[in-house]
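Trainee: model the structure of this input:
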Amino acid sequence: MLDSATSLRTAIERFVKLTQEEWEMLLPCLKELELQKGELFAKEVARAHLVGFLLEGNMRHFYTKDGVEQTTYFYFEGHFVSSYISCITGKPSELTIEALTDCKLLTFSYTDMRKLFDVSHKWERFGRLIAEYLAIGLEERMADLLLLSPEERYIKLLEGGKQKIIERIPQQYISGYLGITPVSLSRIRQRLLKK
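Mentor: Numbering: from 1, shown residues only. Below is the predicted model of the structure:
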């Protein structure tokens, strides 16, 4: 678990630098979790309580309406994973997070994280910065869906820093992520190849 914890610390320290004493506050809270492909980390209508750090594999998060799944985000190694709004509010999750491959994670409960907020300014700062990071991501995603055409969204995906999505995610989930059908994605790809 030492190498895994080191990876987690590196990710946390992208947000805030911790002393060894501050880091050791989190260590007793960490648990390893392995999910097989298709298993759920968070489930719609169930209250979420875990924050995970993805060590291996990839996952997707999606919403379901009238039996149709709408993928809105993908997670890869080095990402934090959570139905964070459910953790914060204590309300049932509106989203599901599914393992697309076998996955390994380090997890800790949101309750434990809140306790760290109460005793450490650095941990409280980490919580604020994570919330800001999520808010930026949500706003950028919403703006893309509202302001860009499906073709522009696909081009942005190709040209952006999200090559892992193109390389590792099945087309059916990519089309859902772009807000289009698999047939529409195929047409866009053919048009772009002709250009």
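
Trainee: how about the backbone phi and psi for residue 76?
Mentor: Here is the backbone geometry of residue 76 (degrees, to the nearest 10): phi -130, psi 180.

Trainee: doesn't residue 58 make contact with it?
Mentor: Yes: when contacts are counted by C-beta atoms under 8 Å, residue 76 is listed as touching residue 58 (5.0 Å). In this view, the C-beta of every residue, glycine as well, is placed from N, C-alpha and C.

Trainee: give the residues shared as contacts by those two.
Mentor: Residues touching both residue 76 and residue 58 comprise 164, 168, with contact defined as C-beta atoms under 8 Å, 6 or more residues apart in numbering.

Trainee: of those two, who's got more company?
Mentor: The neighbour count for residue 76 versus residue 58, taken as other C-beta atoms under 10 Å, is higher for residue 58 (20 against 17).

Trainee: show the pLDDT at the more buried one.
Mentor: Model confidence at residue 58, given as pLDDT, is 95.

Trainee: residues in contact with it?
Mentor: Applying C-beta under 8 Å, 6+ apart to residue 58 gives the contacts 74, 75, 76, 77, 99, 100, 101, 103, 164, 168, 169.

Trainee: so which of these sit within strands?
Mentor: Applying DSSP state E to these, the entries found in strands are 74, 75, 99, 103.

Trainee: now the helix or strand encompassing residue 11: how far from the chain's centre is it?
Mentor: Using DSSP states H and E, residue 11 sits within helix 2-12. In terms of C-alpha atoms, centre = their mean, to the nearest Å, the centre of helix 2-12 is found 17 Å from the chain centre.

Trainee: buried set for that helix?
Mentor: 4, 5, 7, 8, 12 (16 or more other C-beta atoms under 10 Å).

Trainee: counting by contacts, list what the longest helix along the chain packs against.
Mentor: With secondary structure taken from DSSP state H, the chain has its longest helix at helix 121-147. Applying 3 or more C-beta pairs under 8 Å, 6 or more residues apart in numbering; DSSP states H and E, we find helix 121-147 packed against helix 20-26, strand 68-75, helix 84-89, helix 110-119, helix 150-159.

Trainee: turn those into JSON lines, columns for mean pLDDT and distance to residue 137.
Mentor: As requested, these are arranged in JSON lines below (pLDDT from 0 to 100; distance: least, C-beta to C-beta, whole Å):
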{"stretch": "helix 20-26", "mean pLDDT": "96", "distance to residue 137": "23"}
{"stretch": "strand 68-75", "mean pLDDT": "91", "distance to residue 137": "8"}
{"stretch": "helix 84-89", "mean pLDDT": "93", "distance to residue 137": "11"}
{"stretch": "helix 110-119", "mean pLDDT": "95", "distance to residue 137": "18"}
{"stretch": "helix 150-159", "mean pLDDT": "88", "distance to residue 137": "14"}
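
Trainee: fine by me, we can end here.
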